[in-house]
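> Coordinates only, no sequence provided:
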């Protein structure tokens, strides 16, 4: 037997042992996970692999379903080749009791960064990156078994939860080739009765959306199948800084499952000329906090309820996903050691449905400098921050304000009920905690000399951007009424179950009704007839709330709207006369997520142009396939609180 054949036989034998153990003995499977990862990192199903492609194909259909490396496997999607059956029938361990996980024992991971531009003759220039989607395992807590996840990375070995942060440069285009290396079957349940992406050649379909980016429609990561033939996306990076946006999967009907599995990551757009005068903390003092709740089975796998709220209508879909384990940068309740100085915290709520109302246990304030992708006109200091799913706040926290001169542990706490705002209160020992900051003692004689502080390092910036205000743009040209509905099985509040959620009574598949002219601004009155607060997200556009007006007799108005779906026939002007709720100061800038409270009419100015220079888009925003807007509670978006958005010339 030749050495190559001997090597091949040894590797295949190891793979067979691991696969058999995983399939037949779930308890033993977790003990074999490390060996399995090693085997797969060797095999990796590449053309230069040790094993033939047909054997790799067989292995890819194992319990974890490792993906083919063929970049053409996901180029088209049609109903002719349905996805494998949902994961509901898989053998599952009981849901893990998270009270036995010790908090603040894992250090906060520093997310890897990828520079999204090159340097030539001292100037930034466009480049191309290749980023893949991989199936592997991730250690969420030191005392948990490894968890199967879907993650982004430049290779299987370097892929992480969350994925690497791409650091782009304002005005410098970046091309990204997205490669799908995911398996034949999803690791989480999905509902076949919800309109879902169907891959032509098998596997888990994906499409990447740069959330908050300004880019042509063909690079938007649209939920419709026709755009998935595009392999390389080019991002112009023309949106304004602060540049705190993110990228995540947007496959039709699978968004909630694929983000829950881990397909999410941060994206920064640097603008040095604008940002240098702000004197912001940088380097090790500039931290991303990507917060996401999860629930786990006892074997470490992610738990997702596989029984629908109304099984006869939707066998597996539930209206919201909530987990009691709060993860930050992929670790459950981590800690971060900090010096007594200013830090910049870029906080992203990447949860499927959970709102976060965060504060420090010792009352330390947040100085908010930006929200989502844009700086404020001037910083705002607050004691707590309410983040909807997909919302970002960019804050300065000054740990030199901690009074205790000795080492101090400060907790970051969460008090947002779920669903928000009137759902279940948080548990003080579980989802009421987020992470801890260990503040170092003051420097004393004999200690190693600390790094010198930059000038004004203990003061917050005093300036922002002039274009943050609505008045920086021309007046709105058109007014629209957007109505959010939740369709129930009955009118009895004690027994009614959610069947779906619509916008203006329409589905994604229905023809577009929102057709703004590119380069203009509009005023949208968004009417929430559901009991939940909804995070509204528009692809491409920047927008901000300017007024929140409470509905009087909302049940009467809702009953009429369910019958007629007509704000004029239902006398909106007679109902929108209630209390006026002020827009929080920290949200008065151009955003890509706006909270829509229940029983309110929230007026939103929407800019279909670049807000920082008051110019039209430098690309054709009217091209096919257009864009979408939707609720960013992912379970709502999938079924089916999402509508097409088509721009006109």
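In hand now; what should we look at? What you see is a predicted model, and the numbers here were worked out from it, not measured in a lab.
> check contacts around residue 578.
549, 550, 551, 552 (Cβ atoms under 8 Å, 6 or more residues apart in numbering). All C-beta atoms are positioned from the backbone trio N, CA, C, and that covers glycine.
> Tell me both backbone torsions, phi and psi, for it.
phi -90, psi -160 (degrees, to the nearest 10).
> where does it land on pLDDT?
The per-residue pLDDT reported for residue 578 equals 97.
> Ok, residue 199 next?
78.
> and if you look at the one 5 residues further on?
Reported pLDDT at residue 204 in the predicted model: 93.
> so after the lowest-mean-pLDDT helix or strand in the chain, what's the next helix or strand?
The least trusted helix or strand in the chain, going by mean pLDDT, DSSP states H and E, turns out to be helix 53-59, with a mean of 32. Using DSSP states H and E, the next helix or strand after helix 53-59 towards the C-terminus is strand 113-115.
> Return the set of buried residues in that following strand.
residue 114 (16 or more other Cβ atoms under 10 Å).
> other SSEs contacting it?
Counting contacts by 3 or more Cβ pairs under 8 Å, 6 or more residues apart in numbering; DSSP states H and E, strand 113-115 is packed against strand 163-169.
> ok, residue 529 touching residue 560?
No - under the criterion of Cβ atoms under 8 Å, residue 529 makes no contact with residue 560, lying 10.3 Å away.
> What separation is there between the nearest residue to residue 519 once chain neighbours are set aside and residue 236?
Leaving out its chain neighbours, the residue that sits closest to residue 519 by Cβ to Cβ, 6 or more residues apart in numbering is residue 616, at 4.0 Å. To residue 236, residue 616 is 13 Å away according to Cβ to Cβ, to the nearest Å.
> Okay, now stretch 236-244: how far is its last residue from its first?
15 Å (Cα to Cα, to the nearest Å).
> repeat for stretch 333-341
23 Å.
> Return the set of buried residues in that stretch.
So, applying 16+ other Cβ under 10 Å, buried residues of stretch 333-341: 333, 334, 335, 336, 338, 339, 340, 341.
> Can you tell me which of those residues end up in strands?
335, 336, 338 (DSSP state E).
> Can you lay out those as TSV showing distance to residue 568 and pLDDT?
Formatted as TSV, these follow (distance: Cβ to Cβ, whole Å; pLDDT from 0 to 100):
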residue	distance to residue 568	pLDDT
335	56	98
336	53	98
338	56	96
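> Now the helix or strand that residue 556 is a member of: average pLDDT?
Following DSSP H and E, one finds residue 556 within helix 554-564. Taken as a whole, helix 554-564 has a mean pLDDT of 96.
> now what about that helix, what contacts it?
Contacting residues not belonging to helix 554-564 are listed as 483, 485, 527, 529, 551, 567, 569, 570, 571, 572, 575, 599 [Cβ under 8 Å, 6+ apart].
> and the third one, helix, strand or coil?
Secondary structure, DSSP: H, G, I helix; E, B strand; the rest coil: residue 527 is strand.
> List the residues that contact it.
481, 482, 483, 484, 551, 561, 567, 572, 600, 601.
> between the residues you listed, which is nearest residue 269?
Closest approach to residue 269 among the contacts of residue 527 (Cβ to Cβ): residue 482, at 28.1 Å.
> hang on, that closest one in a strand?
Yes - using three-state DSSP, the assignment for residue 482 is a strand.
> which non-adjacent residue is nearest it?
residue 526 (4.6 Å).
> quick one: residue 359 and residue 410 touch, right?
No - Residue 359 lies out of contact with residue 410 (Cβ under 8 Å); the separation is 10.5 Å.
> Now residue 419: closest residue in space, sequence neighbours ignored.
Closest residue to residue 419 apart from its sequence neighbours, by Cβ to Cβ, 6+ apart: residue 532 at 5.0 Å.
> again but with residue 193, I slipped
residue 314 (4.9 Å).
> list the contacts for the residue nearest the centre of the chain?
By Cα atoms, centre = their mean, the mean C-alpha position of the chain lies nearest to residue 350, the distance being 4.0 Å. Residues near residue 350 by Cβ under 8 Å, 6+ apart: 162, 246, 248, 259, 264, 290, 291, 292, 389, 390.
> At which residues are the helices of the stretch 501-649 of the chain located?
554-564, 572-575, 634-638 (DSSP state H, counting those that start in this stretch).
> deepest of the ones you listed, which one?
helix 634-638 (a mean of 27; mean count of other Cβ atoms under 10 Å).
> on contacts alone, who are the packing partners of it?
Against helix 634-638 (3+ Cβ pairs under 8 Å, 6+ apart) you get helix 255-261, strand 627-631.
> Might you calculate how far stretch 125-140 sits from the centre of the chain?
16 Å (Cα atoms, centre = their mean, to the nearest Å).
> Pipe the helices of the stretch 501-649 of the chain into JSON lines and attach distance to residue 438 per row.
As requested, those are arranged in JSON lines below (distance: least, Cβ to Cβ, whole Å):
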{"stretch": "helix 554-564", "distance to residue 438": "47"}
{"stretch": "helix 572-575", "distance to residue 438": "51"}
{"stretch": "helix 634-638", "distance to residue 438": "33"}
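> Tell me the spacing between the residue nearest to residue 193 and residue 194.
In terms of Cβ to Cβ, residue 314 sits 6 Å off from residue 194.
> where are the low-confidence patches of this protein?
1-93, 224-229, 407, 442-460 (pLDDT under 70).
> Please repeat the previous calculation with a cut-off of 50.
Applying pLDDT under 50 to the chain flags the ranges 2-8, 10-11, 13-81, 88-91, 225-228, 444-458.
> okay, now the domains of it?
Following the TED database, the chain resolves into domains at 113-272, 286-439, 479-645.
> Including distance to residue 467, could these go into a markdown table?
Formatted as a markdown table, the domains of the chain follow (distance: least, Cβ to Cβ, whole Å):
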| stretch | distance to residue 467 |
| --- | --- |
| domain 113-272 | 7 |
| domain 286-439 | 8 |
| domain 479-645 | 5 |
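> Among those domains, which comes closest to residue 94?
With Cβ to Cβ as the criterion, residue 94 lies closest to domain 286-439 of these, at 5.2 Å.
> Run the chain-centre distance for the closest one.
So, by Cα atoms, centre = their mean, the centroid of domain 286-439 is 13 Å from its chain's centroid.
> For that domain, measure first residue to last.
16 Å.
> Start at 15, not 1
In the new numbering, first residue 15, that becomes domain 300-453.
> what's the closest non-adjacent residue to residue 645?
Nearest to residue 645 is residue 655, by Cβ to Cβ, 6+ apart, at 4.0 Å.
> For that neighbour, give me its contacts.
498, 515, 516, 517, 548, 644, 645, 647.
> Among those, which pair sits farthest apart?
Maximum distance among these (Cβ to Cβ): 13.6 Å, for 516 and 647.
> of those two, who's got more company?
More crowded of residue 516 and residue 647, by other Cβ atoms under 10 Å: residue 647, with 28 against 21.
> now the helix holding residue 570, how far from the centre of its chain.
Counting by Cα atoms, centre = their mean, helix 568-578 comes out at 33 Å from the chain centroid.
> What is the burial count for residue 118?
18.
> Also residue 519?
Neighbour tally, residue 519, other Cβ under 10 Å: 13.
> List the contacts of it.
Contact analysis of residue 519 by Cβ under 8 Å, 6+ apart lists 497, 499, 579.
> Just give the nearest non-adjacent residue to the second one, would you?
Closest residue to residue 499 apart from its sequence neighbours, by Cβ to Cβ, 6+ apart: residue 516 at 4.8 Å.
> do the same with the first one
In space, and not counting its chain neighbours, residue 497 is closest to residue 541: 4.7 Å by Cβ to Cβ, 6+ apart.
> where's the one you found relative to residue 572, distance?
Taking Cβ to Cβ, one finds residue 541 at 9 Å from residue 572.
> count of residues packed around the nearest residue to residue 229 once chain neighbours are set aside?
Spatially, and ignoring its direct neighbours in sequence, residue 229 is nearest to residue 249 (5.2 Å; Cβ to Cβ, 6+ apart). Neighbour count for residue 249, taken as other Cβ under 10 Å: 25.
> wait, doesn't residue 249 sit right on residue 226?
No - assessed by Cβ under 8 Å, residue 249 is found out of contact with residue 226, at 10.9 Å.
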